[in-house]
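*Asks:* Quick one: sequence plus predicted model below, questions after.
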Amino acid sequence: MNRLSLSHVSANPPSLTWLAVVVVVSVGLCAGVADKKTTEPAIVRTPDSYFSRLPELGYPWRPRYIHVLAPGLSTHPLRVHYIDEGPHNATETLLLLHGTPAWSFLYRSMIPVFLRAGYRVVALDQIGFGRSDKLTDPGAYSHRLHVATVIELVRHLDLQGITAVLHDLGGPTGVSAMRRDPGRYHRLVLLNTWLPQGDALARPLDHAAYLSWRGLVTLLGRRSPVNAVFKFASDASWTDIKWGYGAPFPSYIYQAGPSHWPRMIPLTPDDPVAREMQASAAFLQGWKGPALIGYSDRERFTIPGRPLLHHVLPAACRLEVPDAGHFLQEDQGPLLADIIIRFITHGCHLQLYPILD
């Protein structure tokens with residue numbers, strides 16, 4: 001086992017109490033308010049005015065866009081937002097992928113560290129998130145859609161030698177994209193993520209955090225509490241949450257993406273996404289490139305998937321990030337970026353911090 005270690009910061013791990021709080025608060029707010037679908041547009045776009053405070057929150061980069069066709073949906077192209085910073089001839093190219101309900105804003109404190117190292121940094125907003133277009137029907141979202149979006153952007157920019165940094169559901173999405181275009185990728189960084197094999201119902205105690213969250217978003221649908229997720233799963237300030245993380249979602253019709261992505265996680269092994277994840281695990285087992293697997297000390301949602309990642313990537317560097325919740329980029333962004341740079345330049349061989357026993 002290879003380990004990049006951090007000096008331990010003791011913290012009492014949070015219980016699942018906050019999930020109950022979110023349920024009570026959200027149900028109270030939504031009591032008597034049904035998510036009725038009147039005449040709605042199939043696609044909505046968050047007005048730019050909702051992103052006006054991003055520069056003061058540490059996200060100053062100008063938006064860039066491509067247009068993609070959603071597989072199996074329509075011929076109407078969807079606008080996908082990304083940022084592309086740093087020299088295009090840089091020796092290293094990083095692709096940063098988010099999960100739910102985050103967007104590229106999550107990486108705002110890491111991107112400057114990468115840019116100072118001379119790297120090219122590309123960060124994507126998935127359809128339904130950030131400054132990308134949003135489908136208003138939750139059922140219009142699929143694993144296939146998110147994977148196709150990553151593949152389209154990578155090919156559009158002709159990215160090569162990629163270090164993929166994958167978080168949360170960006171892990172399953174990113175590995176599926178890598179599997180279909182492996183020659184473009186050189187390194188892999190997996191952060192608080194997993195490849196769900198469809199065993200959640202068979203191991204309900206292990207998956208209690210995820211199953212609780214799934215139950216909540218199933219109950220509340222598009223009225224799921226996006227902002228509350230960051231309040232309870234990170235140390236983000238309310239200003240960053242309201243004007244940053246929450247900016248893409250001015251009303252419930254914009255929230256179909258965050259409400260449905262957690263429900264794509266397979267519950268049984270015969271689910272099509274479970275079969276895709278089984279194939280992705282087999283792909284990683286044959287992966288020859290460098291890999292880093294990192295979890296924060298307060299993570300709960302994706303911990304059940306850690307043994308599988310350690311099994312399929314036995315030579316990967318292993319990292320525990322202290323004093324951080326699920327959104328470890330928010331809580332320890334600059335430190336995490338520095339560790340990734342050291343991983344890129346030195347692999348697992350550089351002693352960074354005192355070893356954790």
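*Replies:* On my side now, so go ahead. All values reported here derive from a predicted model rather than from experimental measurement. Numbering: from 1, shown residues only.
*Asks:* In this protein, mark out all the strands, start to finish.
*Replies:* For the chain, the strands defined by DSSP state E occupy 2-4, 43-44, 64-69, 77-85, 93-97, 120-124, 134-135, 162-167, 185-191, 291-296, 317-321.
*Asks:* List the neighbouring strands of the last one plus their orientation.
*Replies:* Here strand 317-321 has these sheet partners by DSSP bridges: strand 2-4 (parallel), strand 291-296 (parallel).
*Asks:* Same check on the fourth one?
*Replies:* Counting by DSSP bridges, the strands paired with strand 77-85 are strand 64-69 (antiparallel), strand 120-124 (antiparallel).
*Asks:* Take those strands and lay them out in a markdown table including mean pLDDT.
*Replies:* Supplementary listing: these in a markdown table, determined by pLDDT from 0 to 100:
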| stretch | mean pLDDT |
| --- | --- |
| strand 64-69 | 95 |
| strand 120-124 | 98 |
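*Asks:* Kindly compare burial across the ones you listed and name the winner.
*Replies:* Comparing the strands paired with strand 77-85 by mean neighbour count (mean count of other CB atoms under 10 Å), strand 120-124 ranks first with a mean of 25. No exception for glycine: its C-beta is placed from N, CA and C like everyone else's.
*Asks:* got the angle for that one vs strand 162-167?
*Replies:* 40 degrees (axes from the mean of the first three to the mean of the last three CA atoms, to 10 degrees).
*Asks:* Let's see strand 120-124 as PDB, backbone CA atoms only.
*Replies:* In PDB, the C-alpha atoms belonging to strand 120-124 read as follows (Å, rounded to 0.1, in the frame of the first residue of the first chain):
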ATOM      1  CA  ARG A 120      -4.000  23.700 -17.900                       C
ATOM      2  CA  VAL A 121      -7.200  23.400 -15.900                       C
ATOM      3  CA  VAL A 122     -10.600  22.400 -17.500                       C
ATOM      4  CA  ALA A 123     -13.700  22.200 -15.200                       C
ATOM      5  CA  LEU A 124     -17.100  21.200 -16.500                       C
END
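*Asks:* Figure out how far it is from the centre of its chain.
*Replies:* 14 Å (CA atoms, centre = their mean, to the nearest Å).
*Asks:* what do you get for stretch 113-132?
*Replies:* That offset, for stretch 113-132, works out to 12 Å (CA atoms, centre = their mean).
*Asks:* about what we covered before: now tabulate the strands paired with strand 77-85 in CSV and tack on distance to V80.
*Replies:* As requested, these are exported to CSV (distance: least, CB to CB, whole Å):
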stretch, distance to V80
strand 64-69, 5
strand 120-124, 7
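*Asks:* Can you tell me how far the nearest residue to P304 once chain neighbours are set aside is from F51?
*Replies:* Nearest residue to P304, sequence neighbours excluded (CB to CB, 6 or more residues apart in numbering): D206, at 4.4 Å. D206 is 38 Å from F51, where distance means CB to CB, to the nearest Å.
*Asks:* The two: which has the busier surroundings?
*Replies:* F51 (20 against 14; other CB atoms under 10 Å).
*Asks:* any idea how far the more buried one lies from K231?
*Replies:* For F51, the distance to K231 equals 20 Å [CB to CB].
*Asks:* so where do the helices sit in the stretch 51-200 of the chain?
*Replies:* Ranges of helices within the stretch 51-200 of the chain are 111-116, 143-157, 170-180, based on DSSP state H, counting those that start in this stretch.
*Asks:* May I see these organised as JSON lines, with mean neighbour count and mean pLDDT added?
*Replies:* Below are these laid out as JSON lines (neighbours: other CB atoms under 10 Å; pLDDT from 0 to 100):
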{"stretch": "helix 111-116", "mean neighbour count": "19", "mean pLDDT": "98"}
{"stretch": "helix 143-157", "mean neighbour count": "20", "mean pLDDT": "97"}
{"stretch": "helix 170-180", "mean neighbour count": "25", "mean pLDDT": "98"}
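*Asks:* tell me the contacts of V175?
*Replies:* V175 is in contact with 166, 188, 195, 280, 283-284, counting by CB atoms under 8 Å, 6 or more residues apart in numbering.
*Asks:* ok, now with 7 Å
*Replies:* 195, 280, 283-284 (CB atoms under 7 Å, 6 or more residues apart in numbering).
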